[in-house]
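Chemist: I'll drop the sequence and a predicted model, then ask my questions.
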Amino acid sequence: MRRGRKPGSPNSNTPGDASRREELLRTAARLFVDKGFEATTTRDIADAAGMRSGSPFYHFRSKQDLLKAAMAEGLETGYRSLLSAIEGIDDPALRLRVLIRTHLGNLLEGECEAPLLLFESRSLDAAARAEIAAITDRYQKPWQETLDALAAAGQLNSAQPPVRLLLFGMLNWTPQWYRADGGQSLDQLTDCVMALLLGARG
């Protein structure tokens, strides 16, 4: 007789299982952003995903494990999107513009909640925090390389790491105030960020 799958171990043996897992991650990430990790219960997540209250543990060992997976998979998806968008772009100013526009698109046009979840990393244990930090560093590497190139070309006054971190803080806050019907497109918003960083040359 085939052994049943142990509760809490990942399962992607069938397309249905994988689809449910992805839906669960998206739902949990949205709730963690809207309500906060501590205030969100497993029942909240199950109800929002249309599942029984214990069903999330079919896919994840704990709520913390679910948070880590939502952050990690969101960042990985965003990283692949960034690399695809900037492939073959050598001009650092154009590359920065594409990075900014892609990031804003992930935040405001898609369902990528990962950047907004980073402050919840305090709810993870040390090993999970280190894993997310490594993924975040990789996500930010193309940005730092681009800022370095701009500084070397005299187009940016400083490419010190705080510049990159301030840029991410600014971009990741946009979902708090941006409205698609507010009269400004994401392309125009990208132009504003470029002008702020590079002045008239952006």
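Modeler: Ah, there it is. Numbering: from 1, shown residues only.
Chemist: which helices and strands sit right next to the top helix by length along the chain?
Modeler: Ranked by residue count under DSSP state H, the longest helix found in the chain is helix 126-152. Applying 3 or more Cβ pairs under 8 Å, 6 or more residues apart in numbering; DSSP states H and E, one finds that helix 126-152 contacts helix 63-86, helix 92-108, helix 161-173. No exception for glycine: its C-beta is placed from N, CA and C like everyone else's.
Chemist: ok, Val163 touching Leu147?
Modeler: Yes - contact criterion Cβ atoms under 8 Å: Val163 and Leu147 qualify, at 6.2 Å.
Chemist: compare those two (neighbour count), which wins?
Modeler: Leu147 (24 against 18; other Cβ atoms under 10 Å).
Chemist: ok, the more buried one - contacts?
Modeler: 96, 156, 159, 163-164 (Cβ atoms under 8 Å, 6 or more residues apart in numbering).
Chemist: closest to Ala130 among the residues you listed?
Modeler: Using Cβ to Cβ, Arg164 comes nearest to Ala130 of these, at 20.0 Å.
Chemist: residue contacts, the closest residue to Leu82 other than its chain neighbours?
Modeler: Computed as Cβ to Cβ, 6 or more residues apart in numbering, the closest residue to Leu82 that is not its neighbour in sequence is Thr102, at 5.6 Å. Residues in contact with Thr102 (Cβ under 8 Å, 6+ apart) are 81-82, 85-86.
Chemist: give me the helix or strand of the chain that scores worst on average pLDDT.
Modeler: Ranked by mean pLDDT, DSSP states H and E, the weakest helix or strand in the chain is helix 56-59, scoring a mean of 68.
Chemist: and the average pLDDT for the helix or strand hosting Ile45 is what?
Modeler: In this assignment (DSSP states H and E), Ile45 forms part of helix 42-49. Across helix 42-49, pLDDT averages out at 86.
Chemist: ok, which of the helices and strands packed on helix 126-152 comes nearest Asp187?
Modeler: Nearest of those (Cβ to Cβ): helix 92-108, 6.7 Å.
Chemist: for the helix or strand that that closest one is followed by, packing partners?
Modeler: Proceeding N to C from helix 92-108, the next assigned helix or strand is helix 114-117, under DSSP H and E. In terms of contacts (3+ Cβ pairs under 8 Å, 6+ apart), helix 114-117 is packed against helix 15-35, helix 63-86, helix 92-108, helix 161-173.
Chemist: ok, which of these comes nearest Gly182?
Modeler: helix 92-108 (11.2 Å).
Chemist: could you check the angle helix 161-173 makes with that closest one?
Modeler: On the basis of axes from the mean of the first three to the mean of the last three Cα atoms, to 10 degrees, helix 92-108 is oriented at 40 degrees to helix 161-173.
Chemist: please work out the average pLDDT along helix 92-108.
Modeler: 94.
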